[in-house]
Structures are given as structure tokens and as C-alpha cells.
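Novice: Return a 3D structure for these sequence lines:
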Amino acid sequence: MRCKLHLSALVAAAVLFSVYPTALQAQESSRKLTVMDEFQIQLPTDPQISPDGKKIVYVRRFADPMTDRRYSNLWIVNSDGTDHRPLTTGNRNDTSPRWAPDSARLAYLSDTDGKQQIYVRWMDSGQTARITNLDQAPDAIEWSPDGKMLSFSSLVLGKGPHIADLPAPPAGAKWAEPATAYDRLVYRFNGAGYLKPGFMQIFVVSAEGGAPRQVSNGNFPNGGNEFGPSRATWTSDGKFLLVSANRHPESDHEVLDTEIYEFSVADGSLRALTNRKGPDNSPAVSPDGKWIAYTGFDDRYQGHQTTKLYLMNRDGTGSHSISDKLDRDIQNPVWAPDNSGVYFQYDEQGDTKIGFLSPDGTAKKIADHVASTTGAGGGGSFSIAHAGPIAFTYGRTDIPGDVAISDRGAMKVLTSLNQELLDQKKPGRVEEIRYKSSKDNREIEGWIIQPPDFDATKKYPLILEIHGGPFGDYGDRFDFEKQVWAAMGYVVLYTNPRGSTGYGEEFSNLIHHAYPGDDFADLNSGVDAVIAKGYIDTNNLFVSGGSGGGVLTAWTIEHTERFRAATCLYPVINWYSFVLTSDIPWTSKYWFPGVPWENTDQYMQRSLTNLVAKIKTPTLLMTGEADYRTPISEAEQFYAALKLLNIDAVLVRVPEEPHGISRRPSHHITKMLYVAGWFQQHKATN
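Specialist: Reported below is the predicted structural model:
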């Protein structure tokens, strides 16, 4: 599909692509990664080990250059790494594999017939049956303990607000599409677009097919919300489904205030098992049925609040945290088969790990490097067999992702999905760096990617790339974008400034009601630390970032003129307008003292429009036209301000793209090349 770019972007494109042929030809003739390797990298996700521990099914994601779309199939491998083969093939989306308790069947989601439905495969014969035929796609499937039923979430459509009765068009007339009315605080959402009226509900269906039955009811998001579906958890007796939901009257304004509810499978009657201000999520019932593990925190309206692991009795009494000593965010709790404790996932200083907590709060690490990603920001998951082994996705800076298994402390990587590609095209070497911030001498962690043919006696241009969030982290994970830029001859620096997660709640909240701000000092000190190594061309420093990284890119060039050019991707520029146009308006009570009209000075002091007159740096702005997280109006405001100041600037609009600009592979390629092309245009010739 041809990009519909504004005139300024078309002019820029003509200049940028005049630079590309030579650069691209040089890359193609070398053994370096190029943007077209977007279509070669494959990623494993959601590895599910069979209850008997013998086999692992996982989702294998890939991009097709002919359709310019992303797809996924299911693959299977024995736990010893043998018999690795596909279960499904083709340009389709097969996801969410879930083993039946007896390991004899596999349920999964697929759009092979045009619309996502639930399928069940008999593993001995390979026969497959479609279990549902729903208008609204099912999601978040889970087997009942006896293997007879599946639970799932699906949208139940509502009518929306009624304002007036409209006349019918005359016979044969063609009137315009009718207007759509909304009455919810969040009426559109990034990736989903404008939301349909109604609520996600919990259903059950026979594993042999038939009519699904709705278990939950009411005008509440019982089965999930715009952030995604909620996976219900069956109790060990099969009589109840536990789910995290926000059924409070003020749910629109207190979006994090979820509780864990118990729904009767027989009649849909419900009971709340938790009751506190804050999120209660991810319920997991112990195998003996006595305990429920779940995650959450007491909401204090801080920018970042550490997600803890809680235990409570099956009836909801005796709730208490068992992870207070860890000071890390707990994700994906899973009970040990012998009831001895809970496995979970967490980030620790740039690395995602699997941990284990005993009921008395004793913690231990089980595995490192849980990852499967083409970006240093993370991504990975795990599952546990009844027999004890753990399947997980494993990644490093030179491994996008593979399937691995951990059994009694011994770890083995079972696949090598990208080995042939990366044997042919060596990625740049990644080096960890730790340095002191000029703000307060705090230690900051970061990573440097060197060009594949790196020579320490030469001088290289530097790209400082800044992560978003702002509450997120970079780490020792494979990053395709940065590797492509390194292959073009840049040294790339990416760091975890204050506000990043994985370093404790105190470090994350150094930017509470103060973002952007002192994080600039952390980033700028990182540039100084790399320059001190002696191989950076100080006349060719560049800065780039997306989302929260776009915010800090703009803040950086408003505080220093050391960078020759900047690329500011899907940023927030005006916090006042952001709260009123974003799909997450409730951030006003977490990132600010309150709504903008009551705290105007706070909003303006931290908005980039307040300091724009200081900018001298040539800046490229890029946002997807379907971005509802940091709407394109934010980039447009910044672009207009720069143009009024007569600063060299270009605005790029990417059609159909939500936040991140990676839904279509060709658009992701455009993003990588436009960043590099803008910097190439503004390089100093020494």
C-alpha cells in the first residue's frame, strides 16, 4: 500500500530516498543486517508445555513480504528438542495454544476461516474441529479441570446512548453512514480504534462444540476491557471461575481498581473475594484448592507502584503480600504442581527472569534471559508442566528468541529459529555500560551497540535512542532497529534513566510528578560516558526516541544543542491536550496532581511547547494516523511550533498505524530508514 504522506513528508522522502540506494546497496553486498531482514526474523511466543512435560507447543510469528502483514502459526517440539515441526501453516493467525489436562488435546484460536474462533486438535490423529462460530471473536481460552469445557471471553454488544429517533431514508435512497454516539470516558483505544458499545463477558462451551453459555452478566467489563481480555481461572473442583474485573460504579475514572470475583459456572452468581483500592489481578488457584495467588498494590496514585504477589485463602480471607522483600514487579503467577509456592516473572536491571516465592516469602531465581523480541524493551513468557519442567522463551542481544526448558535447575535451549540468518549476517556487538549521572551521582545502566566491523581506532557517529513508558526498561535483549542502524555505521547507545523499572520503586518514582526532568541528566551523562571511550565523532551526535522516548527527545534538544539532528517519534508535546485526546486520560491522577484546568502551571512547565523557543536542532516528527495513545495532533503541534521558529523540520504521517508504527512491516521499515536518512542528511563532513 502506498503511504499517503503530507506534502512536507513527500519532499523529505524524495531527498531521503536519494541517499538510500548507495547505503542499501552497500548493506546488501555485505554480511550485515538490513531493513529487509524484517521478513526473515521469526519469533516464538507463548510456549505451552504439556501437563505430562513431554511436548511444547508455541506460537511462531513471521512477516510476509508479499502481503505486507504479520502472521503466526503453531509449532511443536519434544521436551528434549527432537521432532520440531509445524502444527499449522499458512498466512493466518493461530494463537493461544492451551493443552487439555490429559495432554491429549490442544485448544487454540485461529482465523483460518476468516474470523477468529476456538479450535480443538486431537494430538494422536491430528484431527481438528472448530468449536465456536461467534460474531464477536472469542479470546483468553482456558480448560476446565476435567477437560470437558473451555472458558473464554467475548464482547457482548450493547446499544450505546440513545439521543433521538431518526427518520428512515426514502425507498431506494442512499443516505450517508449514520452518526455514532459515545458516553464513556474512553471511547477509542490504540490498536482497537473507536470502540463498539458493550462489555466483554465470560462464557463456557463444551470442548466437543455446541452452543456457548454466558456465565457473567451486567454492564461491567467482566471478561476484560479495552486493554485486552481477562483470562478466567477455574477452581480445582470445576464449579467456579475466578476473574479480575472492575465492577465499581466509578470504573471509568478508577480504571486500575479491579477486584477478584468468583463466578458460579452453574448459574453465574458472583462473589467478590477482594476489596481494596487498587488492582487485584491474575488470580491463580493452588492445585490443592486451598489458596489463591494474585498480583496488585494499594493504589497511592504514584507514577509507578510496585506490583506485589499476594496470597489469600480460597474464600478470600487472610490476604497478605509475600513479595515485600523483592521490590520488583510480579507478573504471571503460576503455582508449583506440589503446592510449595508460586512461580512468576519479573524484570531485574534490564533482564527478565523467572522467580519462585514460597508462602513464607522466601524468594529464589529460577531462570534468566526470558525474552522473545525484536526490541530491547522486552517480551517473554513461560509455562509449567504438572511434572515440573518449565518452558520459556529465551533471548539475548544476539538471539531474538528461542524456546527453552528448565528442569530441576538444568536449562536447555531447544530451538534455533534465527541462527541461519544471524550466522550469515552478524549483528553488532553489544556492551553493557554503567556510569554516574551528573544530577546526583546515581548509577545508570545502559548498552552500546557497535557496528559489525567496529574498529576502536576510528571515529563513529552516535545515536542516543531513548525508551518510552516512561515506566519501562531496556535490557540485554535483541533489538532489530538498533542493529540496523549499527550496520549502517552508527554506534547506538540506549539506557535506563531514572523512572525506568527493574531497579526498585524508589528509582522509578524519581520522576513522580517530575517527568520530563532530571532524566535528561542521566541520558546526557550516558553520551559523555560513551564519548570518553574515544571512538565517537563528537561532531556527529544524534538523538531519537518514541512515545515517552519522543517526549525525552524533545526535552533533550530543548536543553542542549550538542545533537546535530533529532527524530521525535509519536511524542507527547502538550500534556494539557494529551489528557484530553489520549486513550489513557486517567493518567492525569498518576503523572500529575490532578486534571489540567486545576493544575495548569504543572502541565505547562512540563510541556515541550513551554520551551520550544530554545530549540535549534533539525527535527523529524513521525506518528501513525491511527495512534490514539499519543495522538498525531501532538506531533502536529510541535511541527507547527518548529516551523514558526524557522527550524528545519519535517512531519511524517503514517497511514493506518497505531502507536509504535509496526503493524505493517513496510511501515516499520519506513520508520527505520527515515530515522537513518534524516541523520544522514545532517551529518557533518569532517
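Novice: Gly238 and Ala100, how far apart?
Specialist: 13 Å (CB to CB, to the nearest Å). C-beta coordinates here come from the backbone N, C-alpha and C atoms, glycine included.
Novice: hmm, I was thinking of Gly504
Specialist: Taking CB to CB, one finds Gly504 at 41 Å from Ala100.
Novice: which of the two has more neighbours?
Specialist: Ranked by neighbour count (other CB atoms under 10 Å), Gly504 and Ala100 place Ala100 first, with 22 against 14.
Novice: Contacts only, for the closest residue to the more buried one other than its chain neighbours.
Specialist: The shortest distance from Ala100 to any non-neighbouring residue, by CB to CB, 6 or more residues apart in numbering, is to Gly147 (4.6 Å). Contacts for Gly147 (CB atoms under 8 Å, 6 or more residues apart in numbering) come out as Ala100, Pro101, Asp102, Arg105, Ala207.
Novice: Just to be sure, Glu558 is in a strand?
Specialist: No. Counting by DSSP: H, G, I helix; E, B strand; the rest coil, Glu558 falls outside a strand, being helix.
Novice: Geometric centre of the protein: which residue is closest?
Specialist: Gly379 (7.2 Å; CA atoms, centre = their mean).
Novice: Could you find the closest non-adjacent residue to that residue?
Specialist: Counting by CB to CB, 6+ apart, the residue nearest Gly379 is Thr373, at 3.9 Å.
Novice: could you list every residue that touches the one you found?
Specialist: Thr373 neighbours (CB under 8 Å, 6+ apart): Leu43, Gly379, Gly380, Gly395, Pro400, Gly401, Arg477, Phe478, Asp479.
Novice: Apart from its chain neighbours, what residue comes closest to the fifth one?
Specialist: Using CB to CB, 6+ apart and skipping the chain neighbours, the partner closest in space to Pro400 is Phe478 (4.3 Å).
Novice: Surely that neighbour and Thr393 touch.
Specialist: No. Here Phe478 lies out of contact with Thr393, judged by CB atoms under 8 Å, at a distance of 11.6 Å.
Novice: which residues are in contact with both of these two?
Specialist: Ala371, Gly401.
Novice: what about Tyr187, neighbour count?
Specialist: For Tyr187, using other CB under 10 Å, the count is 16.
Novice: try Met123
Specialist: 18.
Novice: Could you shift the numbering so residue one becomes 73, and keep it that way?
Specialist: In the new numbering, first residue 73, that becomes Met195.
Novice: right, and it touches Ser175 too?
Specialist: Yes. Between Met195 and Ser175 there is a contact under CB under 8 Å: 7.4 Å.
Novice: May I ask which helix or strand of the protein has the lowest mean pLDDT?
Specialist: helix 79-100 (a mean of 40; mean pLDDT, DSSP states H and E).
Novice: Sheet-wise, list the partners of the helix or strand following it with their directions.
Specialist: Using DSSP states H and E, the next helix or strand after helix 79-100 towards the C-terminus is strand 115-121. Strand pairing for strand 115-121, using DSSP bridges, gives strand 127-136 (antiparallel).
Novice: hey, C-alpha coordinates of the helix or strand that the partner strand is followed by in PDB?
Specialist: Counting by DSSP H and E, the element after strand 127-136 in chain order, helix or strand, is strand 141-150. C-alpha atoms of strand 141-150 as PDB (Å, rounded to 0.1, in the frame of the first residue of the first chain):
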ATOM      1  CA  ARG A 141       1.300  -8.400   7.000                       C
ATOM      2  CA  ARG A 142       2.200 -10.300  10.100                       C
ATOM      3  CA  TYR A 143       1.000 -13.800  10.800                       C
ATOM      4  CA  SER A 144       1.500 -16.700  13.300                       C
ATOM      5  CA  ASN A 145       1.400 -20.500  13.200                       C
ATOM      6  CA  LEU A 146       1.700 -23.200  15.900                       C
ATOM      7  CA  TRP A 147       4.800 -25.400  16.100                       C
ATOM      8  CA  ILE A 148       5.600 -28.300  18.400                       C
ATOM      9  CA  VAL A 149       8.800 -29.700  19.800                       C
ATOM     10  CA  ASN A 150       9.600 -32.500  22.200                       C
END
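Novice: report the angle between the axes of strand 141-150 and strand 127-136?
Specialist: 160 degrees (axes from the mean of the first three to the mean of the last three CA atoms, to 10 degrees).
Novice: Which strands or helices does strand 141-150 pack on?
Specialist: strand 127-136, strand 157-158, strand 166-171 (3 or more CB pairs under 8 Å, 6 or more residues apart in numbering; DSSP states H and E).
Novice: That one versus strand 166-171: what angle between them?
Specialist: Between strand 141-150 and strand 166-171, the angle comes out at 20 degrees (the same axes, to 10 degrees).
Novice: now strand 141-150, how far from the centre of its chain.
Specialist: 19 Å (CA atoms, centre = their mean, to the nearest Å).
Novice: swap in stretch 527-545?
Specialist: With CA atoms, centre = their mean, you get 21 Å for stretch 527-545.
Novice: ditto for stretch 572-581
Specialist: 18 Å.
Novice: Buried residues in that stretch, which are they?
Specialist: Within stretch 572-581, the residues that count as buried by 16 or more other CB atoms under 10 Å are Ser572, Thr573, Gly574, Tyr575, Glu577, Phe579, Ser580, Asn581.
Novice: How about the first one: what's its closest non-neighbour residue?
Specialist: Okay, so that is Ser572. According to CB to CB, 6+ apart, the nearest residue to Ser572 is Asp545 (4.7 Å).
Novice: quick one: contacts for that neighbour?
Specialist: Asp419, Gly422, Gly449, Gly450, His539, Asn568, Ser572, Thr573, Gly574.
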